[in-house]
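J.: structure for the following, please:
(chains A and B)
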There are 2 protein chains.
Amino acid sequence: MARIVQKYGGTSVGSVERIKHVASRIEQSVVQGHELVVVVSAMGKSTDQLVQLAGDITDNPSKREMDMLLSTGEQVTISLLTMALHELGIEAISLTGWQAGMQTEASHGNARISEINSKRMEEELQSGKVVIVAGFQGISGTEITTLGRGGSDTTAVAIAAALKASRCDIYTDVTGVFTTDPRYIKSARKLHSISYDEMLEMANLGAGVLHPRAVEFAKNYDVPLMVASSMEDVIGTIIEEEVSMEQSLIVRGIAFENDVTKVTVSGLPNHLNTLSKLFTTLSSHQVNVDIIVQNQYDDNHVNISFSITQSSLKETLAVLQEAQEELQFTDIHFEEELAKVSIVGSGMVSNPGVAAQMFEVLAENEIYIKMVSTSEIKVSVVIEEANMVLAVERLHEAFQLAEEAEQVQEEVSSL
Amino acid sequence: MARIVQKYGGTSVGSVERIKHVASRIEQSVVQGHELVVVVSAMGKSTDQLVQLAGDITDNPSKREMDMLLSTGEQVTISLLTMALHELGIEAISLTGWQAGMQTEASHGNARISEINSKRMEEELQSGKVVIVAGFQGISGTEITTLGRGGSDTTAVAIAAALKASRCDIYTDVTGVFTTDPRYIKSARKLHSISYDEMLEMANLGAGVLHPRAVEFAKNYDVPLMVASSMEDVIGTIIEEEVSMEQSLIVRGIAFENDVTKVTVSGLPNHLNTLSKLFTTLSSHQVNVDIIVQNQYDDNHVNISFSITQSSLKETLAVLQEAQEELQFTDIHFEEELAKVSIVGSGMVSNPGVAAQMFEVLAENEIYIKMVSTSEIKVSVVIEEANMVLAVERLHEAFQLAEEAEQVQEEVSSL
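T.: Below is the predicted model of the structure:
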């Protein structure tokens, strides 16, 4: 018998039928004798519908009132799921964020969890109940707050940490973390386990399985995570500090995303504060910049390139043009229909040739690299979108990511 | 400048357009310099939709979880209405039941308000904000409760009492309280004012303008109520202790409802506890009984007749048949397609001939009376449903209820 936190996302509880299905999965864990806290998101598209209602009233809703509005979504799910458990004869109780003691900082729309007062949850667990908690929401004083994107994952991990749960299971619409996106690359293989840092890089790189914030939280509090499917009954991917099985692999996964746009601002003065001025201007207009590359072209001037999503191009150009006088640049260029491909693996730290090998594979396939960005456990390149899938296929092959498939298959069957 | 509580029901906030309309009405009161607390219900059919979701999961939902589920409805409305006010440049803040300090007894589904901790509302009013409160809901300890039917009206009146508001305005889809239902009786006239007791009788008799519970609360705390339309800009009906204008009228209004069924249980033993046993059995199965008539037919036996709604007939018969041995009756008869017609007026107390006059009017029109029930300010009769509208028309005429229409019209124009 273990204490386990489970989290089911919006798709997994998207209809009455799915809620009943989730209840039957919870029943299995109850039968196994586990103590369970279950964190759920709002049903499928219900958050979108609430956002739409607000949008019909105002273009600029107060963040406090949006929290008030959106927090109803999870509250609906927790009550329905609890009823479904009762219907199966399982003792269960639903708790909103504030009832569960999810205290956050005093900010709306994107609050961070500051503390969990887990007394109520402990009491309910002790009385033999399954505790169903509304994800994504908390309380600051007597104000309802929400945690922003990835909030439900973060709720689950934070509760697992506070209750010293032995595991936090994130049930979603994929069966685990793959070496790369199986929708594009047939030979993609599900990883049996992955380290927090690798998962962080993968998550940040658009492998949308798990929100980076939740992974960070799990890493900081050493909560073992499991990502698995809420629909299929197959084993998922374990995320934890020690990765034993596949340690030998240098590259663990390949993440990629399209809709990347590269913007180059040229003729900027070569001053100490040029970079900070440029990106402060952009971030003050909520433009999120990904990769940044700076190069000097004469003693007095620099060019700076950065990547953004396609959808923020219009805003970016408008912001820059307005600030041209202040930033003192001469030109703006942009290049659309690009993609970012990244290789991730904690083994890279001690293997300096990995980036070179990546560039070589791309060169062999006549794929031009537009930008490069590296971290200790990751190398990202920006290339033409048309070459994205080809690049990932070739890299997946070159780094032998498909090869342990059979071995993992055997492990799963023997469990 | 006055402190006013306004309440808008589900139809009045049934769509984004209507919410915007309510916001513009609130704006008018703000411009007039009033301090405002506004209580709202869930949007139109949203409560029904939530009930449907629960019904798809279980036939027997936990009352606690239903409260958790249903309380989201008003929370959606308060946030949207607050956004609509912000959009008009009005300072406003939404408060859930628990944030507004609506403390209730520890029961779910039909909790009574025990106390209002109005500190937060006072603070927000003091800071110049319009306070938007979720009706129908409260808190007991840290448990979300709901107040059951008429809960939003009761919330509004209770807040008006706690905040010592000078008035509580109930905005609804009718323009006020009428002498009888204007949908059936053309000559029905809107009352300028009515006493709490008269309104209580009217409300209990199915004039669905205002929930009796709210009227009772208003009477106990001496809160002047106004019932008016949220759509049309016409003056409504004032409900207060002193009714000056129309004191002379003995009968103030005529209420009626159809779908009445009469059940007669015969051959019951003439014991002290026969009545209590019969109606305890029925109420323990949630059968609501309205009029009760008992008559003795020999020394040892009594017949008891009572009226119920059509929809509870099946349940009633089942309950009685099951309890036949215990209750020791010989027969059950029932009569469907009946209606109840009631005349109401506080002037009746000192006018003993009113009931007789009612019976005479009915007799003149060959309308048979199946049951009679009287109170100090009300006489109800049960008749055939087919005669309902005729009976009301004739009584409305006989008691001269249409006649002051012009006088009231003049009063309204002179305001």
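
J.: now the helices for the stretch 1-150 of chain A?
T.: A:16-31, A:46-57, A:63-87, A:119-126 (DSSP state H, counting those that start in this stretch).

J.: which one of these is the most hemmed in?
T.: Most buried of those, by mean neighbour count (mean count of other CB atoms under 10 Å in any protein chain shown): helix A:63-87, with a mean of 26. C-beta coordinates here come from the backbone N, C-alpha and C atoms, glycine included.

J.: so is it next to chain B?
T.: Yes - for helix A:63-87 and chain B, the contact criterion (CB under 8 Å from any CB of the partner chain) is met by A:64-66, A:68-69, A:71-72, A:75-76, A:78-80, A:82-84, A:86-87.

J.: then stretch A:91-104?
T.: Yes - judged by CB under 8 Å from any CB, stretch A:91-104 comes into contact with chain B through A:93-94, A:96, A:98-99.

J.: so who does the residue of the stretch 201-350 of chain A found nearest chain B touch?
T.: Using CB to the nearest CB, A:S230 is the residue of the stretch 201-350 of chain A that sits closest to chain B, at 17.3 Å. By CB atoms under 8 Å, 6 or more residues apart in numbering or on different chains, the contact set of A:S230 is A:8-9, A:11-12, A:18, A:21-22, A:25, A:171-173.

J.: got the phi/psi numbers for the closest residue to A:N110 other than its chain neighbours?
T.: Among residues not flanking A:N110 along the chain, A:G148 sits closest, at 3.5 Å (CB to CB, 6 or more residues apart in numbering or on different chains). The phi and psi values for A:G148, taken as degrees, to the nearest 10, are phi 80, psi -170.

J.: tell me the spacing between A:G148 and chain B.
T.: Taking CB to the nearest CB, to the nearest Å as the measure, A:G148 and chain B are separated by 17 Å.

J.: that residue: how many residues sit nearby?
T.: 17 (other CB atoms under 10 Å in any protein chain shown).

J.: residues in contact with it?
T.: A:109-111 are the contacts of A:G148 under CB under 8 Å, 6+ apart.

J.: which of those residues are buried?
T.: Buried residues within the contacts of A:G148, counting neighbours by 16 or more other CB atoms under 10 Å in any protein chain shown: A:A111.

J.: in TSV, list the contacts of A:G148 along with distance to B:I304.
T.: What follows is the contacts of A:G148, written out as TSV (distance: CB to CB, whole Å):
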residue	distance to B:I304
A:G109	62
A:N110	65
A:A111	62
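
J.: save the contacts of A:G148 as JSON lines, and put in pLDDT too.
T.: Below are the contacts of A:G148 laid out as JSON lines (pLDDT from 0 to 100):
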{"residue": "A:G109", "pLDDT": "90"}
{"residue": "A:N110", "pLDDT": "87"}
{"residue": "A:A111", "pLDDT": "91"}
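
J.: just the closest of the contacts of A:G148 to A:P224, please.
T.: Set against A:P224, the nearest of the contacts of A:G148 by CB to CB is A:A111 (25.7 Å).

J.: before we move on, what SS does A:S373 have?
T.: Put simply, A:S373 is strand when judged by DSSP: H, G, I helix; E, B strand; the rest coil.

J.: and A:H333, how many neighbours does it have?
T.: A:H333: 11 neighbours (other CB under 10 Å).
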